[in-house]
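Engineer: sequence unknown, structure follows:
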């Protein structure tokens, strides 16, 4: 008999009917003798409603107070879910982050979990009770209510699984797993039965919104076996079938030896490119350019600096498209100071990335990628690589085409042999 | 400079605009150098919305889980109110009942406050911060979230005022004080500048919904100076005027020596009368009759037993009208056991009460009351008296008439000389 942490997102608890379906699924696992901890998000739409209410009071809501408000969304769901379980005869008890003592730092609206007191949860499990825990929230050491930021419920689920040394953390969501790429773009996209943590990290940061990136980091750090699966199936489907469904996120070294070279193709729209042209190639120049951008709280993603010619170099980076105008303005204002010849930008770009741990040991991946794109007449504007990823920036109009061509070229539509 | 606890009810915080008005009023008191603790209810309608949601899951919601859910209403308001204060430059910080440590017993949905840890509130006040506290809620000694039941926010306000030994607890509501009777029935009803705790208790229990009865008991016990006043005035009205507005609830012995004989006329519709006729007048008969009614959780209000004739007596009591049919059914089932001749009932009655501490030392109040009613042809069905109250049960069709006649007869429309 296993100890399972099941986490359900906002859509999966979006109505009383959906909450009852969650309870039926949990009851099934209990019936088969498993211990279950249930972690739930706010009902879909609720967090946005609360934030909008706060903004009617303060355009820039005070972070401490915003957390006090936003955390109520999950608090409602835990009560409802515990009731739904009791209604089915399953012993259950709700806990806010504060009640469990999910201790976080004090970075309101984006707090990080420091430790979880598992004593109460353990006592409930020993007594045959299903603890129903509010995701997304915690309490700092001064007793202030904190939230983990968007998607933080995944992190709560994984952190609780780590604290309890659970056998598996199951993240139930409205997709049935991780795909080789977005099926809306490539209908032949295929669900991965397994993917490694490292691949998942690269996929998540590139826009595969299946799991919150921090929860994947957490799972990797504490070696939590993590599965993404669908809450849209019939709650009564056979438990053996459900236990094998979705996508299992594995530790590369342990499992997954039959891994394909490339696991998936990720992409990100909503990016923009900024190039600082003709700056003197001297120590400190990167900081002189990116310091003011960072000070303005603009995230910078890809950064590329070419070898210099005649002591001058070009420096490029990407920013979220929404921050493009602000980034250009900042650079125009420091242009003279850094001695740049020109600042140019383009907000009609996208990023396409191939991800796979198998890439490390296979030469030629990059050249195949570049050839395929060239054959379609797609110009590559920037290139960036990591151990298990190759990303290119191309004109956004080519995004779908690039994804499809690469998906086909690397046989991602074919089941792994 | 005084320490003031200000409590605002659901209507007073019913929208972002109303919350901003609350903040302006608090800011005014701060500007004049007063220390303020703000206690707020859930936005109007919110508690009902949450309870309805719970009932979609369980027809009889689990009390512990219902409290976890219902308490989120106030938690949202404290965050919003603290933001609104900060937006005006007033230092503020929100606290749930658990964060203050409003410790209650574990009677979910109707918990009683055991103690309040004033340390955090005191520290904030010393630092010039306005603590914004969630009314209606607390935490039991095991860390479970509790609620005090409907209207419990008033009790929170008074309890905090008691714990901090505040100079005054101001209950802001959508009426501007306590009236001699309901102005909707008697347009000449007059606002009382002062009323004693005992009178207020009698008025509250009789349907003057201005203050929750438990909060009045609490204020009496801990000698908290309590004022009911309007949140509908311009928040910027002169502070001296506001400080004298509304109705002050006083300790009889201390103040209020100019009190009129009668302070007000209360009334209750929605009552029903049950009479058990011809029961043997023997020890234990009252319990034999009322025991089964109490076991069914039916509140009994007035109880009258007449002197017996030939060893038989009649026993009457009133119950909420909604419980009338149930009470009749219970008595029919025990009729043979108690040896009653007949059970009769009437659910078209009402109760009219005259309340006043001055009544104690003035004879003739009751006879004047009975004469006035007789002159209008109003038959009195039951009479019950206490030290400061005379209540009569009459046909409900005479209710408004009885109230108006008595209001006039005791000169309640005239300012106190």
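Structural biologist: Perfect, I can see it now. All figures in this text were calculated on a predicted structure; none of them were measured in a lab.

Engineer: C-alpha only now, for contacts and for neighbours.
Structural biologist: OK.

Engineer: ranges for the strands of the stretch 101-250 of chain A?
Structural biologist: In the stretch 101-250 of chain A, the segments counted as strands under DSSP state E, counting those that start in this stretch are A:102-104, A:113-116, A:130-134, A:137-139, A:145-147, A:168-173, A:194-196, A:226-230, A:247-250.

Engineer: closest to residue A:261 out of those strands?
Structural biologist: strand A:194-196 (11.6 Å; CA to CA).

Engineer: so how many other residues sit close to residue A:301?
Structural biologist: 13 (other CA atoms under 10 Å in any protein chain shown).

Engineer: no, scratch that, I was asking about residue A:71
Structural biologist: Residues near residue A:71, counting by other CA under 10 Å, number 29.

Engineer: That one contacts residue A:148, correct?
Structural biologist: No. The pair residue A:71 / residue A:148 is not scored as a contact, 9.8 Å apart, by CA atoms under 8 Å.

Engineer: and for the two, which residues touch both?
Structural biologist: Common neighbours of residue A:71 and residue A:148 (criterion: CA atoms under 8 Å, 6 or more residues apart in numbering or on different chains): A:136-137.

Engineer: now the strands of the stretch 101-250 of chain A in TSV, with mean pLDDT?
Structural biologist: Converted to TSV, the strands of the stretch 101-250 of chain A look like this (pLDDT from 0 to 100):
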stretch	mean pLDDT
strand A:102-104	97
strand A:113-116	95
strand A:130-134	98
strand A:137-139	97
strand A:145-147	97
strand A:168-173	96
strand A:194-196	89
strand A:226-230	94
strand A:247-250	90
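
Engineer: which of the ones you listed is buried the deepest?
Structural biologist: Among the strands of the stretch 101-250 of chain A, the stretch with the highest mean neighbour count (mean count of other CA atoms under 10 Å in any protein chain shown) is strand A:145-147, at a mean of 32.

Engineer: Listing partners with orientation, what would you give for it?
Structural biologist: Applying DSSP bridges to the sheet, strand A:145-147 is found paired with strand A:137-139 (antiparallel).

Engineer: what's the partner strand in contact with?
Structural biologist: Strand A:137-139 has contacts (CA under 8 Å, 6+ apart) with A:71, A:96-98, A:101-104, A:113, A:145-148, A:152-153, A:156.

Engineer: For chain A, which segments count as helices?
Structural biologist: A:16-31, A:46-57, A:63-70, A:72-87, A:97-100, A:119-126, A:152-164, A:197-205, A:213-222, A:239-243, A:285-295, A:324-338, A:365-375, A:399-409 (DSSP state H).

Engineer: Which pLDDT value belongs to residue A:89?
Structural biologist: In this prediction, residue A:89 carries a pLDDT score of 97.

Engineer: Please disregard the earlier target; I meant residue A:310.
Structural biologist: 82.

Engineer: Next one: it from residue A:237, what distance?
Structural biologist: For residue A:310, the distance to residue A:237 (CA to CA, to the nearest Å) stands at 68 Å.

Engineer: again, but for residue A:115
Structural biologist: 35 Å.

Engineer: Which helix or strand in chain A has the lowest average pLDDT?
Structural biologist: Counting by mean pLDDT, DSSP states H and E, chain A has its least confident helix or strand at helix A:197-205, which shows a mean of 80.

Engineer: tilt between it and strand A:226-230?
Structural biologist: 50 degrees (axes from the mean of the first three to the mean of the last three CA atoms, to 10 degrees).

Engineer: circling back: let me know the closest of the contacts of strand A:137-139 to residue A:341.
Structural biologist: Using CA to CA, the contacts of strand A:137-139 come closest to residue A:341 at residue A:148, 42.5 Å.

Engineer: wait, isn't the closest one in contact with residue A:136?
Structural biologist: Yes. Using CA under 8 Å, residue A:148 is in contact with residue A:136, at 5.2 Å.

Engineer: got any ranges where the stretch 301-417 of chain A has weak pLDDT?
Structural biologist: Scanning the stretch 301-417 of chain A for pLDDT under 70 picks out A:416-417.

Engineer: next one: phi and psi at the residue nearest in space to the middle of chain A?
Structural biologist: The centroid of chain A falls nearest to residue A:212 when counting by CA atoms, centre = their mean (2.6 Å). The phi and psi torsions at residue A:212 (degrees, to the nearest 10) take the values phi -70, psi 130.

Engineer: Now do the same contact list for the spatially closest residue to it that is not a sequence neighbour.
Structural biologist: Once flanking residues are discounted, residue A:212 sits nearest to residue A:151: 5.4 Å by CA to CA, 6 or more residues apart in numbering or on different chains. Counting by CA under 8 Å, 6+ apart, residue A:151 makes contact with A:136, A:211-212.

Engineer: And residue A:313, by the same measure?
Structural biologist: A:277-281, A:305-307.

Engineer: What separation is there between it and residue A:36?
Structural biologist: In this view, residue A:313 and residue A:36 are 58 Å apart by CA to CA.

Engineer: what's the answer for residue A:154, then?
Structural biologist: 16 Å.

Engineer: the more surrounded of the two?
Structural biologist: Using other CA under 10 Å as the criterion, residue A:154 and residue A:36 rank with residue A:154 on top: 31 against 23.

Engineer: Kind regards, and thank you for your time.
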